[in-house]
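Undergrad: what would the 3D arrangement of this be:
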Amino acid sequence: MMRRFLFFYLILIQAVCAFAQTDTTQQVAAGRFNQKNQVQKPYVILISADGFRYDYAKKYQAEHLLTYAATGITAASMKPSFPSITFPNHYAIVSGRYPSHSGLVANQFYDRKRNEIYAISQREKVVDPYWYGGTPLWVLAEKQGLLSASFYWVGSEAPIQGISPSYFYYFNSDKYVNVSIESRIAAVKNWLSLPEDRRPHLITFYFPEVDGAGHTYGPDAEETRQAVKLVDEQIAQLVKALEPLGLPINYIFVSDHGMTAVDVANPIRMPSSINRDEFVITVSSGTVVNLYAKKSKYIKPTYNALKSSAKNYNVYLKRSVPASLHYGKKDDWYGRIGDIVLFPHWPQVFSDKDPGKGYHGFDPDKVKDMHATFYAWGPAFKSGMQIETFQNVEVYQVVTRILGLNLADKIDGTSQLAEQILKK
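TA: Here you go, the predicted structure:
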């Protein structure tokens, strides 16, 4: 009897601890107000649907998104930064920097200064500002007296430069405690219904559903179509809920990357020539392998062995990665790219298990399926305009121009896109 009691007691303690780690309450920075010269500024809601490939809206007839975009800006596609994976590209959009210049070089990578691995699954790393370089849009806004809010975005949970959005939520994907879309839309409406001095002018908002479906079932599956339609309906709910407020809201709908079908029957196993005692190994999305030598003497012989036996993947020393990827030694501002990097040839991926049906992370110049979506509409945008493909770091200055923010540090994005699509 006592053993049975102890067993159920331990189960209860584990459940309580797990629940305590999932904070679903709104985080509010006390004592912040819009400066008087900021309260009449317009509003920007930056929305991301993870894995929403550039052609999904037309492919799966996302009617609401296509209708909204027709009143504003429709891009042929938006090219993600390399590697075309989730955390680096969400942060590239809001920092205006390539992943190698922001420090977030992959979903998982090694940092020599701390002798630690950053992984998106580790909450203590995700909320630590050490890992995030540059000045994300909400930090830029808050520093200039303009309030911001976030319902999930990479980096928004960490006090970067000591600053978090005035209002934000910690991300959680637990289906038992996840915040419903109705509650999330209500939160945005509540933010925009606040008095002018406490109302956020920049809001980031995130949808994970399309990426999850694409990974599990593939980009051409019925489940992926349903996920696209779901997000489309939820965007319509958001817009409809905010219309009665009568505010000059500008919507920017983006994705971090696309999705492609891969060869599930022939995954690339980790090469046997890599000695795990000599290298720290990180793998992101099955498409980027970084090898960090524990001693420099290990680099050359391992590189030579990999080059001589490589099949269906490229092997590069950090100094020889193609410049177009912005992922080599010259671009490695934070020293977080491997001494040796491996990139698989599409449609194959690295995996020591059976891979899923959909992947991303490939070079977007070689695999068009990696391209992301960009639509924008609202009073700041020109009407009925179709534009060609552009790089995702260009979005940064679109937002800063709309909100009248001054740039704070070096970015990779230019003003070209803003000048093209914004009204004078």
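Undergrad: Ile181: what's its closest spatial neighbour, skipping adjacent residues?
TA: Nearest non-adjacent residue to Ile181, counting by CB to CB, 6 or more residues apart in numbering: Gln234, 5.2 Å away. In this view, the C-beta of every residue, glycine as well, is placed from N, C-alpha and C.
Undergrad: now do the strands in the stretch 151-300 of the chain.
TA: For the stretch 151-300 of the chain, the strands defined by DSSP state E, counting those that start in this stretch cover 167-168, 202-207, 249-254, 260-261, 279-284, 288-293.
Undergrad: what angle separates the third one from strand 202-207?
TA: For strand 249-254 against strand 202-207, the angle between stretch directions is 40 degrees (axes from the mean of the first three to the mean of the last three CA atoms, to 10 degrees).
Undergrad: what's near enough to touch Asn37?
TA: Gly145 (CB atoms under 8 Å, 6 or more residues apart in numbering).
Undergrad: one step back: tell me which of the strands of the stretch 151-300 of the chain sits nearest to Val39.
TA: Judged by CB to CB, the one of the strands of the stretch 151-300 of the chain that comes nearest to Val39 is strand 202-207, at 13.7 Å.
Undergrad: thought the residue nearest to Ile181 was touching Ser180?
TA: No - between Gln234 and Ser180 there is no contact, the gap being 10.5 Å when judged by CB atoms under 8 Å.
Undergrad: those two: which has the busier surroundings?
TA: Per other CB atoms under 10 Å, whichever of Gln234 and Ser180 has more neighbours is Gln234, with 20 against 8.
Undergrad: look at Ile11 and report its pLDDT.
TA: Looking at Ile11, its pLDDT reads 34.
Undergrad: can you start the count at 246 instead of 1 from here on
TA: In the new numbering, first residue 246, that becomes Ile256.
Undergrad: picking that back up, please report the distance of the residue nearest to Ile426 from Lys485.
TA: Distance from Gln479 to Lys485, counting by CB to CB, to the nearest Å: 11 Å.
Undergrad: tell me who's in contact with the residue nearest to Ile426.
TA: Shown in contact with Gln479 (CB under 8 Å, 6+ apart): 426, 430, 452.
Undergrad: number of nearby residues for the residue nearest to the last one when sequence neighbours are not counted?
TA: Right, the one you point to is Phe452. Spatial nearest neighbour of Phe452, chain neighbours left out: Ala294 (4.4 Å); criterion: CB to CB, 6+ apart. Other residues within reach of Ala294, judged by other CB under 10 Å, total 30.
Undergrad: residues contacting Ala294?
TA: 452, 454-455, 476, 498-500, 618.
Undergrad: most neighbours among those, which one?
TA: Going by other CB under 10 Å, Ser500 tops these with 31 neighbours.
Undergrad: from memory that one sits against Gly296, does it?
TA: Yes - Ser500 is within contact range of Gly296, at 6.5 Å (criterion: CB under 8 Å).
Undergrad: can you list residues touching both of those two?
TA: Taking CB under 8 Å, 6+ apart as the criterion, Ser500 and Gly296 both touch Val455.
Undergrad: of the contacts of Ala294, which is the nearest to Ile330?
TA: Once CB to CB is applied, the member of the contacts of Ala294 that ends up nearest Ile330 is Ser500, at 12.2 Å.
Undergrad: so that closest one versus Met615, what's the distance?
TA: Computed as CB to CB, the Ser500 to Met615 distance reads 11 Å.
Undergrad: ok, Asn279 next?
TA: Asn279 is 38 Å from Met615, where distance means CB to CB.
Undergrad: higher neighbour count, these two?
TA: When neighbours are counted by other CB under 10 Å, Met615 comes out ahead of the other of Asn279 and Met615, with 29 against 22.
Undergrad: wait, Gln283 sits on His446?
TA: Yes - using CB under 8 Å, Gln283 makes contact with His446 at a distance of 7.0 Å.
Undergrad: spatially central residue in this protein, please.
TA: For the chain, the residue nearest the mean C-alpha position is His335 (2.4 Å; CA atoms, centre = their mean).
Undergrad: now the strand or helix carrying that one: how far from the chain's centre is it?
TA: If you go by DSSP states H and E, His335 is part of helix 331-340. Distance, stretch centre to chain centre, for helix 331-340: 5 Å (CA atoms, centre = their mean, to the nearest Å).
Undergrad: likewise for stretch 280-289?
TA: Remark: stretch 280-289 is offset 27 Å from the chain centroid, using CA atoms, centre = their mean.
Undergrad: then it to PDB, C-alphas only?
TA: Taking Å, rounded to 0.1, in the frame of the first residue of the first chain, the C-alpha atoms of stretch 280-289 are listed here in PDB:
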ATOM      1  CA  GLN A 280       6.200  58.600 -25.500                       C
ATOM      2  CA  LYS A 281       3.900  61.400 -26.400                       C
ATOM      3  CA  ASN A 282       5.400  61.800 -29.900                       C
ATOM      4  CA  GLN A 283       4.700  58.100 -30.600                       C
ATOM      5  CA  VAL A 284       1.000  57.700 -29.800                       C
ATOM      6  CA  GLN A 285      -0.200  58.800 -33.200                       C
ATOM      7  CA  LYS A 286       2.000  56.300 -35.100                       C
ATOM      8  CA  PRO A 287       0.400  53.600 -37.200                       C
ATOM      9  CA  TYR A 288       0.400  49.900 -36.100                       C
ATOM     10  CA  VAL A 289       2.100  46.800 -37.500                       C
END
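Undergrad: buried sites along it?
TA: Buried residues in stretch 280-289, counted by 16 or more other CB atoms under 10 Å: 283-284, 286, 288-289.
Undergrad: what do you get for stretch 558-571?
TA: The neighbour-count check on stretch 558-571 (16+ other CB under 10 Å) flags 558, 560-563, 566, 570-571 as buried.
Undergrad: out of those, who's nearest Thr380?
TA: Checking those against Thr380 with CB to CB, the nearest one is His571 at 18.7 Å.
Undergrad: give me the pLDDT for that closest one.
TA: His571 carries a pLDDT value of 98.
Undergrad: the nearest residue in space to it that is not next to it in sequence: neighbour count?
TA: Of all residues not flanking His571 in the chain, Tyr343 sits nearest, at 4.3 Å (CB to CB, 6+ apart). Here the number of neighbours of Tyr343 (other CB under 10 Å) works out to 25.
Undergrad: list the contacts of Tyr343.
TA: Counting by CB under 8 Å, 6+ apart, Tyr343 touches 326-327, 337, 571, 576, 638, 657.
Undergrad: switch the cut-off to 6 Å
TA: Residues in contact with Tyr343 (CB atoms under 6 Å, 6 or more residues apart in numbering) are 326, 571, 657.
Undergrad: shared neighbours of Gln283 and His446, anything?
TA: Common neighbours of Gln283 and His446 are listed as Leu391 (criterion: CB under 6 Å, 6+ apart).
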